[in-house]
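1. Give me a 3D structure for the following:
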Amino acid sequence: MNGLYLYCIREKTEDASGFSTRSIDGKRDVFTIIHRELEAVVSRVSLLRFTSEEIQKKALEDLNWIKEKVVIHEDVIEEAMRGTDGLVDVIPMRFGIIFKNKTGLEEILNRDYEKMKRVLNKIRGKQEWSVKIYLTDSERFELAVKEKSEKIQLKEKEMISMPDGMAYFMEEELKETVCNEVNKELDTMLDKLFGKLGEEAAESVKTRILDREMTGKTERMVLNAAFLINTDKVDSFKKTLVNIDEDLKAKGINLEYSGPWPPFNFTNGGEKAC
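-> Numbers count the residues shown, from 1 in each chain. Here you go, the predicted model:
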């Protein structure tokens, strides 16, 4: 018995070119269901293989299976976003939304029709861009903080004038002070940077810091953010990012940006299956 797996909602395009990306079930059967002025991008899935319980079980027992399916989910959404005449506004759904039949999907589309139209209106003519910042040279950054911090310099002077026994305890105190000052400087700098970039965006949000296993990098991620940018301001936004990156590199910090992405962070996509 098959159900419908939902990838995203977009405004009606009536694009007959079809999808080349394989579906979540490994087949070439991604298609759209039109409902009033909306299109639901879906594919058929086995309700036996893709029950909520089965997905939860796979999440615990087979992470590679989950990763593979999540990548397919995102690939389909990205293809749905790339229309024949340019980017199409989409409301990306979270992974794992399945309907037992077309009637169930249409009930949700009908119930939330106005809400989805409002979301599409909000993101129309805008693009989501991702900005990730990594601390690539912590020693260089720490040195710059030490040269700037009067608090650290005062501690160092106190330690030099102390007997060896007392200096040991002061050294531990100095390490803690340096650590605090480094974190304080980093937080202040990142807040200013996020605010500066946010001034060029319609909306902005800080997202979850990813650990090294997720990023595949040895450097520590210190900022992960998303920005919703008006399409006509994207070039200016990218120029600002390049300029900021040049300044950050001198401090032992690296900035990476990418986009446009499906606006996961600005649409709150996700519906309960039925």
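2. Can you find the helix or strand of this protein with the lowest average pLDDT?
-> Ranked by mean pLDDT, DSSP states H and E, the weakest helix or strand in the chain is helix 52-61, scoring a mean of 75.
3. in this structure, which helix has the most residues?
-> Counting by DSSP state H, the longest helix found in the chain is helix 164-198.
4. Mind listing what's buried along the next helix or strand after that helix?
-> For helix 164-198, the following helix or strand on the C-terminal side (DSSP states H and E) is strand 203-206. Under the neighbour-count criterion of 16 or more other Cβ atoms under 10 Å, strand 203-206 has Glu203, Ser204 buried. Yep, even glycine has a C-beta here, placed from its N, CA and C like the rest.
5. try stretch 84-104
-> By neighbour count on 16+ other Cβ under 10 Å, the buried set for stretch 84-104 is Val88, Asp89, Val90, Ile91, Pro92, Met93, Phe95, Gly96, Ile97, Ile98, Phe99.
6. try stretch 133-147
-> Buried, per 16+ other Cβ under 10 Å, within stretch 133-147: Ile133, Tyr134, Leu135, Thr136, Asp137, Phe141, Glu142, Ala144, Val145.
7. same thing with stretch 152-162?
-> Neighbour counts over stretch 152-162 (16+ other Cβ under 10 Å) mark Ile152, Lys155, Glu156, Met159 as buried.
8. quick one: which of the residues you listed is nearest Met81?
-> Ranked by distance to Met81 (Cβ to Cβ), the buried residues of stretch 152-162 are led by Ile152 at 48.6 Å.
9. So the closest one is in contact with Thr177, correct?
-> Yes. Between Ile152 and Thr177 there is a contact at 5.9 Å, judged by Cβ atoms under 8 Å.
10. from the chain's centre, how far out does the strand or helix carrying Leu223 sit?
-> Using DSSP H and E, Leu223 falls within strand 220-230. On the basis of Cα atoms, centre = their mean, to the nearest Å, strand 220-230 sits 7 Å off its chain's mean C-alpha point.
11. Give me the angle between that strand and helix 164-198.
-> Angle, strand 220-230 to helix 164-198, by axes from the mean of the first three to the mean of the last three Cα atoms, to 10 degrees: 20 degrees.
12. Note down every partner strand of strand 220-230 and its orientation.
-> Paired neighbours of strand 220-230 in the sheet (DSSP bridges): strand 126-135 (antiparallel), strand 203-206 (antiparallel).
13. Quick one: list the elements packing against the longest helix of the chain.
-> With contacts taken as 3 or more Cβ pairs under 8 Å, 6 or more residues apart in numbering; DSSP states H and E, helix 164-198 sits against strand 126-135, helix 138-148, helix 150-160, strand 203-206, strand 220-230, helix 234-249.
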